[in-house]
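> model the following, please.
(chains A and B)
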Amino acid sequence: MGIAYTMPKLAMAMNEGTINEWLVQHGAKVQKGQQIMNVETEKVSYECESPEEGFLCIVVPEGETVPCDTTIAHFCASEEEVNNLLGENDSSAPSPETDAQTSESTVDESADASATRTPLESVVDKGYEAGRVKSSPVARKLARENNLDITRIEGTGPGGRIIKCDVLAAVENRIEPSQATSASPLAVPPTEGTNVKARIPIKGMRKTIADRMQQSLQTTAQLSSNWESDVTDLLALRQRFVQRQEQLGTKVSVNAFLIKAICCAIKQVPIANACREGDEVVIYDSVNMGIAIAVPGTTEFDSGLMVAVLHGVERMGVAEIDLEMKALIGRVRNGEARPEDLSGSTITMSSTAGIAPPGMTATPVLNLPNVGLVGPSTPQQKPVIYNGEMVARTMLPMSFTFDHSAMDGEPAARFMSALHEVLETPELMLA
Amino acid sequence: MRTLTLIDAIKEAYQEELRRDDDVFMVGQDIRGGIFPHTKGLVEEFGSDRILDTPIAESGMYGVALGAAQEGMRPIVDFMFGGFSYVTFSECSVTTGQYHFLHGSQRALPITMTAGVGTGQRLANDHAMSIHGTFAHHPGIKVAMPSTPYDAKGMFKAAIRDNNPVMIPWHMGIMMLKGEVPEEDYVVPLGVADIKREGTDVTVLANSLQLQNALKVADKLHGEGISCEVIDPRSFVPFDLETVLRSLEKTNRLVVVDEDWESGSFANTVSAKVMEQGFDLLDAPVTRVTLPDMPVPGGYMEDYIAPNVNKIEAAIRSVLARIAA
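Numbering: from 1, shown residues only, chains lettered A, B, ... in the order given. Down below sits the predicted model:
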């Protein structure tokens, strides 16, 4: 590597110097004490003598200003070494520190090493200690908060230490990746003669949705049940609220009534308002309603999906639910969501009303870790037997998706019945 | 805004405070002549009664300041090189720090002490050592050190106006560092750290010359996508731990650069405090860049033991290290 020649510090207050002129050619042999460079500081210019003998490899050209102690040239043992050095130094000059140390092997490097403690080396040298899981404090805290078993996470820190980003990756995947997903079961895509309209990258929000939906179907025993509720009276009740729009401060939506009805049903069957957390099913007192909302996708052809969370809806009346829900959806759509706006749901509502064809029944996918999802769709007028006569009533198609590993058919059916009853008899919301 | 060198910013602080308050005076060795330019020319404006030269006898020199401060004056003591403050260490650190306590919190001792410190000039031993850690170790004295010309003027003025004894050395490695300095009167309060550069991946705590080095490393690593938050403690006593902990909530990694010997250093104090009060924030061991425990050698040998950009970069990389997944 040769011996580094650095910009000399010629005065106490000199911080940088300009190389006016190299007095010898690049690659030429120089003697110790020979004048090799004219350097200029803020005040004066100096002719500098060579501190070494050797073939000069110039790193910093004439006219450039560099800080003191920057490597400006090397003294090489041979012309060949000059050429070798040039090849190495195409892009960046070697640092004076590294260079000086390799060339002057007499210098004790232990001083250097003790000044900068590098835990990396000491830990890696010892190798991985079997039986003990190394993890950083913040990684353990995050694992605890997310109910993750830290021993199942692979560490990528020094010595295999589990660090923050490893836990965050595990939270993202929730479980360890399964081995089966690598092989592509998809058919070979068409190639020639087929025009592509758009390509939607499976990344960002699309990737999150893809992963969560897959995970939901693979890790739970979910199933959906469907029924219809007569919401004629509920819609009439809602009309009376709409007429009082100014007084209430909002045009109360059907969704607000549906959320209220779900809260009433939860009161009777609390297990519908629960999450799968590790080895437990946790049933919550307060109802944090996850509301699935469609957002724009990456192209005009696709869409995105987010679950906005309305916290503590069991304490609210329909007008308050409506106001809070509209504000929440506004924040999410405008990218102003607060962290709590997108997390902490205890049950989910995914409505396709107005988008789906009237009467459509669906089997929505559970929003983990919630164990229940209520899926109202588009209502339609139908002939039904009402008080012994066939009349036209407005029927709302409903679905309830639940995780059978957390909740059996018995409470699930009771929940659906309770919800059905409130929807058909909205006065029960006062109960 | 106009720019000044760090040393001229300190001089301006002296000038403004000497004009503002007749009780302020300076005492030191050859400060009239001005070995370092921060006192040069002061005697012409303020006279030989307020710019006092003493023989090379630090105990006597400091005794003048101690006695005057006990009588209500506000002396500025210039030890020229920090290492020489130790000649009168019993008075300037032990006695001075304990004075207020020993007098039942009844008597203030408004002394400002200063000196040139640090590596970078290759002056060796007591001409190149740091003293902030030692003074910070002894209770009762505020200890601070500026890293920029702006901070220098504001912190020296704060020190002179403080009713506590303050040791505020300045680093010779950045005496000619230029920066913007307002012409008006302002104070940078002691005990408040300053985030000199915001970042998200690692927090680097560094001061004076090493702060400037840390900023250079941060610039370089920025090109690799590594985002360093560089914090200047500015004061060692009182120390603004909160700013560091807040930063760690974001970065979870801390490198402390301290141009002092490793054992018993300020870097150790920070490291211990962070482990006690911010343990759950850490994703990697707190890593220190300090001088090894050996006297500062003269000449080029200094380069091998002083903290520098390469050592700071190595420390940052070590706390960010990951094995290939």
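> give me the number of residues near B:Phe236?
B:Phe236 has 25 neighbours, counted by other C-beta atoms under 10 Å in any protein chain shown. (C-beta placed from N, C-alpha, C; glycine too.)
> isn't there a helix covering it?
No - judged by DSSP: H, G, I helix; E, B strand; the rest coil, B:Phe236 forms no part of a helix; its state is strand.
> got a list of what it touches?
B:His132, B:Gly133, B:Ala136, B:Val143, B:Ala144, B:Met145, B:Phe266 (C-beta atoms under 8 Å, 6 or more residues apart in numbering or on different chains).
> return the distance of the residue of the stretch 51-200 of chain B found nearest chain A relative to A:Thr41.
Of all residues in the stretch 51-200 of chain B, B:Met176 sits closest to chain A, at 4.7 Å by C-beta to the nearest C-beta. Going from B:Met176 to A:Thr41 by C-beta to C-beta, to the nearest Å gives 11 Å.
> most widely separated two among the contacts of B:Phe236?
B:Gly133 and B:Ala144 (12.8 Å; C-beta to C-beta).
> any regions of chain A where pLDDT drops low?
Filtered on pLDDT under 70, chain A yields the residue ranges A:1, A:42-43, A:86-132, A:174-193.
> quick check: buried residues in the longest strand anywhere in it?
In chain A, assigned by DSSP state E, the strand with the most residues is strand A:389-403. Using 16 or more other C-beta atoms under 10 Å in any protein chain shown as the test for burial, strand A:389-403 gives A:Arg393, A:Thr394, A:Met395, A:Leu396, A:Pro397, A:Met398, A:Ser399, A:Phe400, A:Thr401, A:Phe402, A:Asp403.
> burial measure for the closest residue to B:Glu17 other than its chain neighbours, as a count.
In space, and not counting its chain neighbours, B:Glu17 is closest to B:Ile160: 4.5 Å by C-beta to C-beta, 6 or more residues apart in numbering or on different chains. Neighbour count of B:Ile160, defined by other C-beta under 10 Å: 25.
> hang on, B:Ile160 in a strand?
No - applying three-state DSSP, one finds B:Ile160 to be helix, outside a strand.
> now the lowest-mean-pLDDT helix or strand in chain B - C-alpha only, CSV.
Least confident helix or strand of chain B, by mean pLDDT, DSSP states H and E, is helix B:302-305 with a mean of 91. Taking C-alpha atoms only, helix B:302-305 is exported to CSV below (Å, rounded to 0.1, in the frame of the first residue of the first chain):
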residue,chain,number,x,y,z
GLU,B,302,-1.4,11.7,19.1
ASP,B,303,-3.3,10.6,16.0
TYR,B,304,-3.2,7.0,17.1
ILE,B,305,-4.9,7.6,20.4
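> check the offset of that helix from the chain's centre.
20 Å (C-alpha atoms, centre = their mean, to the nearest Å).
> what sits closest to the residue nearest the centre of chain A if chain neighbours are left out?
What sits nearest the mean C-alpha location of chain A, by C-alpha atoms, centre = their mean, is A:Glu172, with 7.1 Å. Nearest in space to A:Glu172, with sequence neighbours left out and distances taken as C-beta to C-beta, 6+ apart, is A:Asp211 at 7.7 Å.
> so which helix or strand takes in the one you found?
In the assignment (DSSP states H and E), A:Asp211 maps to helix A:205-219.
> which strands and helices lie in contact with that helix?
For helix A:205-219, the elements it packs on are helix A:164-173, strand A:303-310, judged by 3 or more C-beta pairs under 8 Å, 6 or more residues apart in numbering or on different chains; DSSP states H and E.
> sorry, back to before: distance check, the residue nearest to the centre of chain A against A:Lys207.
A:Glu172 sits 10 Å away from A:Lys207, taking C-beta to C-beta as the criterion.
> B:Gly133 and B:Ala144: which is more packed in?
B:Ala144 (29 against 22).
> isn't that one up against B:Asn164?
No - if you go by C-beta atoms under 8 Å, B:Ala144 and B:Asn164 don't touch, sitting 11.2 Å apart.
> now do the contacts for A:Ser343.
Residues near A:Ser343 by C-beta under 8 Å, 6+ apart: A:Val309.
> cool, and the one 10 residues further on?
Contacts for A:Ala353 were tallied using C-beta under 8 Å, 6+ apart; they are A:Val254, A:Asn255, A:Pro376, A:Ser377, A:Thr378, A:Pro379.
> what about it, distance to chain B?
Using C-beta to the nearest C-beta, to the nearest Å, A:Ala353 is found at 42 Å from chain B.
> hmm, back to that, going by distance to chain B, which of the contacts of A:Ala353 wins?
Closest approach between the contacts of A:Ala353 and chain B, by C-beta to the nearest C-beta: A:Asn255, at 37.4 Å.
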